[in-house]
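Participant: what would the 3D arrangement of this be:
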Amino acid sequence: MLGSAVLATVSVGLTIPLLDAVMKFDHASNNKALVTTVDILKLLGISTDVNIVIFVLLVVVGAVSLMASGLALLCQYLTAALGDKLARRVKSSLFERFLYARYEDLSKRGRAAILHDINDVPGSISANINALGSLFIGIFNGVLLLGFMFYLSWWATLVVGLLTIVGLSASRRFIDRRSEECGRRCYGLQEIQARVQVDAIDGIKVVKAHCLEQKLIERLRSLLKEEAGALLQLVLLNSGPSFIHEAGAILVVMGLAGITFLVPTAGMKISTVVAFLLALRRLGSAISSINTVSVKLNRSRKGVEVMEEVLYLTPLEKHGQGSVPQVEEVKLAGVSFRYASRPEHWAIKNIDLTARKGTVTALVGPTGSGKSTIANLLIGFYEPTAGAILINDADLGGLSLPDWRKKIGYVSQDTFLFNGTLRENIALWDETISPAEVEWAARQAQLHDFVMTLAEGYETMVGDRGLRLSGGQCQRVAIARAILRRPEIVIFDEATSALDNLTEMAVYEAITTLREEAIVIVIAHRLSTIKEADQIAVLWRGRLIETGTHETLMNARGAYAKLYEGVDGEGVETLGGVDPG
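Facilitator: Reported below is the predicted structural model:
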């Protein structure tokens with residue numbers, strides 16, 4: 001960058017001897033560069049005719065300008081390469097950080113905002129690197145050109161410098177503040193646009209069913225129009241000062257020309273005025289580039305802050321380094337938890353529950369009673385607010401969370417399938433799993449017969465989020481995925497709610513066959529399917545109010561009996577004198 005700036009300044013300076021040679025002024029012999037050129041030609045035995053001298057000077061000016069442009073091109077290439085490298089690193093780092101971030105932080109941020117941050121922030125970082133390259137080039141050019149202009153005419157340079165400082169100081173603070181405000185506004189509007197687009201595509205069934213297409217289109221157009229206003233303000237902030245600098249430069253040059261012709265004793269020749277004009281013109285471009293970069297940097301400040309927030313301030317999942325033994329028992333010891341979004345409300349309170357290998361434990365209760373919260377805590381999505389989850393009497397907080405999760409087979413109530421084949425969704429791209437193992441898991445999940453009706457079998461693409469499959473088929477794929485590796489603990493969070501009764505019973509029969517090798521925890525949607533569970537835990541408003549087998553709980557005529565017989569929640573609350581609050 002510095003070499004390019006030096007050569008560019010030299011090329012401007014060479015215009016003085018060139019013009020002196022063209023004009024054939026008597027005092028041109030006082031030009032050291034011109035005299036040196038003539039002496040070199042004499043030394044080489046070349047004619048010193050004025051045309052030859054002019055031609056040689058033109059060649060030198062062209063060569064210097066070409067070298068300056070070549071170095072500038074090299075700078076742009078290296079800067080772009082650096083920016084691209086940093087953008088790729090930032091994008092990868094953001095993606096990694098989000099994947100390892102706490103589940104609660106991810107759920108609060110939202111999918112659209114995360115995708116926007118991953119895809120847009122790296123681009124702004126790359127643009128910043130390119131802008132910084134332009135900034136340094138502008139600074140180098142500006143300093144060297146000012147030095148050259150000071151050499152030509154110190155008093156004219158002081159006038160230009162004074163006007164430049166006054167103009168910059170008057171506009172800089174306003175431009176920086178306004179460009180930063182516009183940049184933050186654009187960033188927020190783009191994030192909302194991403195949210196509208198993601199929600200519209202994810203919820204396309206709801207959109208079409210409720211005829212929301214036009215409302216969403218109008219919403220997006222409104223956001224785009226609002227963003228356009230901010231972008232146009234940035235254009236004015238970016239280009240407006242260039243116009244002002246250009247106008248100032250023209251006034252200065254006209255003044256210098258007038259002085260040169262009217263007051264020859266001021267000491268400026270025509271060639272000097274022309275060189276000063278070229279230097280001033282390039283100085284204006286350098287100042288304009290500095291202003292442009294400043295606007296870009298202020299505009300993208302929000303993206304840099306997001307990058308800093310995600311990479312350095314977003315907490316990662318906490319887990320210990322202890323190895324996870326073969327799981328024989330999982331125990332919730334006085335576990336309480338409340339979500340950060342509702343700190344005043346206990347999702348679960350003082351839960352004591354033990355599940356042992358070779359048994360099936362069913363969690364039942366009305367919606368919002370804390371069943372899924374327990375499943376989320378067992379998997380490590382959240383940490384208990386109080387109490388502890390013990391694995392063979394070892395606190396889960398001190399164990400390696402990835403090692404623990406490898407021992408879990410989990411099927412959630414909101415089934416998710418990747419946009420890949422059935423085999424990929426069951427095996428999750430694990431090349432060590434054989435086709436026979438995939439088929440075994442599919443049979444256990446009552447899925448194999450359906451797969452055999454497909455032309456491509458297990459190589460059938462399921463579409464985005466399993467769009468080409470029914471809800472029940474998606475659940476069976478998820479169940480096959482969960483039991484494929486014969487996990488030591490299996491958690492089904494209302495995982496059969498989309499299945500018909502016969503298929504659901506068949507799946508639960510397959511689940512019970514896992515009890516000899518694993519701890520099975522089932523969050524039941526239909527209570528008739530968990531009658532054979534070894535232990536049924538009844539939850540109500542975050543409290544564990546009953547435990548026992550189906551027979552003992554039915555005989556007790558308590559909360560479970562009420563739920564099983566279809567009594568509403570109000571009946572459960574006061575049953576048996578239990579105060580769940």
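Participant: pull the CA atoms of the helix or strand encompassing Ala21 into CSV?
Facilitator: Element membership of Ala21, judged by DSSP states H and E, is helix 15-23. Taking C-alpha atoms only, helix 15-23 is exported to CSV below (Å, rounded to 0.1, in the frame of the first residue of the first chain):
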residue,chain,number,x,y,z
THR,A,15,4.3,16.0,-14.6
ILE,A,16,6.3,19.2,-13.7
PRO,A,17,9.5,18.3,-15.7
LEU,A,18,7.2,16.9,-18.5
LEU,A,19,5.2,20.2,-18.7
ASP,A,20,8.4,22.3,-18.5
ALA,A,21,9.8,20.4,-21.4
VAL,A,22,6.7,20.8,-23.4
MET,A,23,6.3,24.5,-22.8
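Participant: any buried residues in it, and which?
Facilitator: Using 16 or more other Cβ atoms under 10 Å as the burial criterion, the residues of helix 15-23 that qualify are 15-22. The C-beta positions use only the backbone N, C-alpha and C, and glycine is treated the same way.
Participant: any idea which of these is closest to His448?
Facilitator: Set against His448, the nearest of those by Cβ to Cβ is Thr15 (83.6 Å).
Participant: quick check: closest non-adjacent residue to that closest one.
Facilitator: Counting by Cβ to Cβ, 6 or more residues apart in numbering, Ala275 is the residue found nearest to Thr15 once chain neighbours are left out, at 5.0 Å.
Participant: residues in contact with that neighbour?
Facilitator: Listed by Cβ atoms under 8 Å, 6 or more residues apart in numbering, the contact set of Ala275 reads 12-13, 15-16, 19, 152.
Participant: export those as a markdown table, with columns for pLDDT and distance to Cys182.
Facilitator: Formatted as a markdown table, the entries for these read as follows, by pLDDT from 0 to 100; distance: Cβ to Cβ, whole Å:
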| residue | pLDDT | distance to Cys182 |
| --- | --- | --- |
| Val12 | 82 | 35 |
| Gly13 | 81 | 40 |
| Thr15 | 80 | 40 |
| Ile16 | 77 | 43 |
| Leu19 | 76 | 45 |
| Leu152 | 76 | 39 |
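Participant: show me which of those residues is closest to Thr361.
Facilitator: Val12 (83.4 Å).
Participant: give me the three-state assignment for that closest one.
Facilitator: Following DSSP: H, G, I helix; E, B strand; the rest coil, Val12 is assigned to helix.
Participant: residues contacting it?
Facilitator: Under the criterion of Cβ under 8 Å, 6+ apart, the contact partners of Val12 comprise 145, 148, 275, 278-279, 282.
Participant: repeat that for Leu189.
Facilitator: With Cβ under 8 Å, 6+ apart as the criterion, the residues that contact Leu189 are 223, 226-227, 230.
Participant: helix, strand or coil: sort out the residue sitting nearest the centre point of the chain for me.
Facilitator: When Cα atoms, centre = their mean is applied to the chain, the residue found nearest the centroid is Ile118 (1.8 Å). Applying three-state DSSP to Ile118 yields a three-state assignment of helix.
Participant: burial of Ala156, as a residue count?
Facilitator: As a burial measure, the neighbour count of Ala156 was computed by other Cβ atoms under 10 Å and equals 22.
Participant: per-residue pLDDT, it?
Facilitator: Here the pLDDT value assigned to Ala156 is 71.
Participant: next one: the one 10 residues further on
Facilitator: Among the per-residue scores, Val166 holds a pLDDT of 67.
Participant: ok, Ala445 touching Gly472?
Facilitator: No - under the criterion of Cβ atoms under 8 Å, Ala445 makes no contact with Gly472, lying 10.7 Å away.
Participant: these two - which one has more neighbours?
Facilitator: More crowded of Ala445 and Gly472, by other Cβ under 10 Å: Ala445, with 30 against 19.
Participant: next up, the contacts around the closest residue to Asp395 other than its chain neighbours.
Facilitator: Spatial nearest neighbour of Asp395, chain neighbours left out: Ala388 (5.0 Å); criterion: Cβ to Cβ, 6+ apart. Going by Cβ under 8 Å, 6+ apart, Ala388 touches 333-335, 395-397.
Participant: which one of those sits closest to Leu2?
Facilitator: Distances from Leu2 to these, taken as Cβ to Cβ, are shortest for Gly397 (55.2 Å).
Participant: where's that closest one relative to Ile351, distance?
Facilitator: The gap separating Gly397 from Ile351 is 16 Å, by Cβ to Cβ, to the nearest Å.
Participant: ditto for Leu144
Facilitator: From Leu144 across to Ile351, the span is 73 Å (Cβ to Cβ).
Participant: now Gln444
Facilitator: Going from Gln444 to Ile351 by Cβ to Cβ gives 30 Å.
Participant: helix, strand, or coil at the residue nearest to Asp395?
Facilitator: At Ala388 the chain is in strand, as set by three-state DSSP.
Participant: next: Glu439.
Facilitator: Put simply, Glu439 is helix when judged by three-state DSSP.
Participant: ok, it touching His448?
Facilitator: Yes - in terms of Cβ under 8 Å, Glu439 counts as a neighbour of His448; the distance is 6.1 Å.
Participant: what is in contact with these two at once?
Facilitator: Common neighbours of Glu439 and His448 (Cβ under 8 Å, 6+ apart) do not exist.
Participant: what bits of the stretch 151-300 of the chain have low per-residue confidence?
Facilitator: Across the stretch 151-300 of the chain, the stretches falling below the confidence threshold (pLDDT under 70) are 160-161, 163-172, 205, 239-250, 252-253, 255-270.
Participant: can you pull out the helices in it?
Facilitator: When secondary structure is read from DSSP state H, counting those that start in this stretch, the stretch 151-300 of the chain shows helices at 154-202, 204-209, 213-262, 270-299.
Participant: looking at those, which is closest to Pro402?
Facilitator: Proximity of these to Pro402 was assessed by Cβ to Cβ; the nearest stretch is helix 154-202, lying at 28.4 Å.
Participant: and the closest one, how far from the chain's centre?
Facilitator: Its chain's average C-alpha position is 22 Å from that of helix 154-202, according to Cα atoms, centre = their mean, to the nearest Å.
Participant: for stretch 426-441, same thing?
Facilitator: Shown here is stretch 426-441, whose average C-alpha point lies 32 Å from the average C-alpha point of the whole chain (Cα atoms, centre = their mean).
Participant: distance across it, terminal residue to terminal residue?
Facilitator: Stretch 426-441 has an end-to-end distance of 8 Å (criterion: Cα to Cα, to the nearest Å).
Participant: mind listing what's buried in it?
Facilitator: Buried residues in stretch 426-441 (16+ other Cβ under 10 Å): 426-427, 433, 437-441.
Participant: again, but for stretch 546-560
Facilitator: Buried positions in stretch 546-560, judged by neighbour count with 16+ other Cβ under 10 Å: 546-550, 553-554, 558-560.
Participant: using PDB, list the CA coordinates for it.
Facilitator: Backbone C-alpha positions of stretch 546-560 (Å, rounded to 0.1, in the frame of the first residue of the first chain) are rendered in PDB as follows:
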ATOM      1  CA  GLU A 546     -48.100 -39.900  42.700                       C
ATOM      2  CA  THR A 547     -45.900 -42.800  41.800                       C
ATOM      3  CA  GLY A 548     -46.700 -46.500  41.400                       C
ATOM      4  CA  THR A 549     -47.900 -49.100  38.900                       C
ATOM      5  CA  HIS A 550     -51.000 -48.800  36.900                       C
ATOM      6  CA  GLU A 551     -52.900 -51.200  39.200                       C
ATOM      7  CA  THR A 552     -51.800 -49.500  42.500                       C
ATOM      8  CA  LEU A 553     -52.500 -46.000  41.200                       C
ATOM      9  CA  MET A 554     -56.000 -47.000  39.900                       C
ATOM     10  CA  ASN A 555     -56.800 -48.700  43.200                       C
ATOM     11  CA  ALA A 556     -55.600 -45.500  45.100                       C
ATOM     12  CA  ARG A 557     -58.300 -43.600  43.200                       C
ATOM     13  CA  GLY A 558     -56.000 -40.600  43.100                       C
ATOM     14  CA  ALA A 559     -54.800 -38.200  40.400                       C
ATOM     15  CA  TYR A 560     -53.700 -40.900  38.000                       C
END
